[in-house]
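J.: okay, here's the prediction I keep looking at, along with the sequence it came from:
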Amino acid sequence: MKPIRIENPQDERVSAYVDIRERDLVGRQGRFVAEGKVVLDVLTSTRRFGIESVLVLENRLAGLQHILERLPQDVPVYVAGSEVLDRIAGFHMHRGILAIGRRGELPDAAGLLDTLTGGALVAVLVGISNHDNVGSIFRNAAAFGADAVLLDRTSCDPLYRKAIRVSVGAALKVPFAVFDDPPALADMLAARGFTQFALSPRGELDIRDARCEGPLALYLGTEGEGLPEAILSRIRTARIAMAPGFDSLNVAAASAIALHRFARITE
């Protein structure tokens, strides 16, 4: 791997990196941006997604050799000085490490569920449109051994740059799929033998008392409105007990507690 020096911010070879923030808003035609050393490490080690190129600040290159060695021979590694990189990206990149990944063909919910084993733990996200929350939930899912995350189409994209960054690369590691209709998904999971719990401050069951020995799906809804009634009326609800006078947590914090409660991990 021989790095390719970039001296001109308008160089066509790095056009995919231009004005990252603005282009995040309009989409990248099957691409996504990975940012930072830890995220690049996950991207190159899991091999779940293709890699189109890497762009590195010149003084970060030496510390990345063990990661860059994993790249296929045809993946270019571009290197630039701080001023040039800032002008390419449109803002100061403190991490100085960027890569363009390729999404490829992602499975649908049924296809992903077909790959899971009998004792699978799945997080189901409905209406979660905050990228920080989605990234944090993926990080929690990875930490507590969840096998997959399923998101409805009103939830935000896990491969949005900020979601990947907040997840510390977990969005590139934990398998996920998008589904259209939450009640239809609940029926699909029931048909596959999943126990299902919908997290709600008014849940009928204290999550500490919940039991499950087979496959399990945990539903998480948007903050404020929570999960839709079509889900709450369809499956069992569980609550996280709190001090009097306080009835809700940030959804990412709630996901950590719930996933830890049912973690399928061994030391």
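T.: Done, it's in.

J.: and residue 265, how far is that from residue 2?
T.: From residue 265 over to residue 2 the distance is 41 Å, taken as CB to CB, to the nearest Å. For the C-beta atoms, the positions are set from N, CA and C on the backbone; glycine is no exception.

J.: who are the packing partners of whichever helix in the chain runs longest?
T.: Counting residues, the longest helix found in the chain (DSSP state H) is helix 131-143. Here helix 131-143 touches strand 121-126, strand 148-152, helix 161-166, helix 251-261, going by 3 or more CB pairs under 8 Å, 6 or more residues apart in numbering; DSSP states H and E.

J.: hmm, back to that, what about residue 265 and residue 2, which has more around it?
T.: Comparing residue 265 with residue 2 by other CB atoms under 10 Å, the one with more neighbours is residue 265, at 10 against 6.

J.: check which helix or strand covers that one.
T.: Taking DSSP states H and E as the definition, residue 265 sits outside all helices and strands.

J.: top strand in this structure by residue count?
T.: strand 50-57 (DSSP state E).

J.: what residues sit buried inside it?
T.: 51, 52, 53, 54, 55, 56, 57 (16 or more other CB atoms under 10 Å).

J.: domains in this protein, by residue range?
T.: 4-102, 109-261 (automatic domain parsing).

J.: contacts only, for the nearest residue to residue 177 once chain neighbours are set aside.
T.: Distances taken as CB to CB, 6 or more residues apart in numbering place residue 112 nearest to residue 177, at 4.2 Å, with adjacent residues excluded. By CB atoms under 8 Å, 6 or more residues apart in numbering, the contact list for residue 112 reads 148, 150, 175, 176, 177.

J.: out of those, flag the one nearest to residue 190.
T.: residue 150 (14.0 Å; CB to CB).

J.: need the contact list for the closest one.
T.: Contacts for residue 150 (CB under 8 Å, 6+ apart) come out as 109, 112, 122, 123, 124, 125, 176, 177, 178, 179, 185, 217.

J.: run through the bridge partners of it.
T.: residue 124, residue 177 (DSSP bridges).

J.: for the stretch 1-150 of the chain, just list every one of the strands.
T.: Applying DSSP state E, counting those that start in this stretch to the stretch 1-150 of the chain gives strands spanning 4-5, 31-35, 50-57, 77-80, 97-102, 121-126, 148-152.
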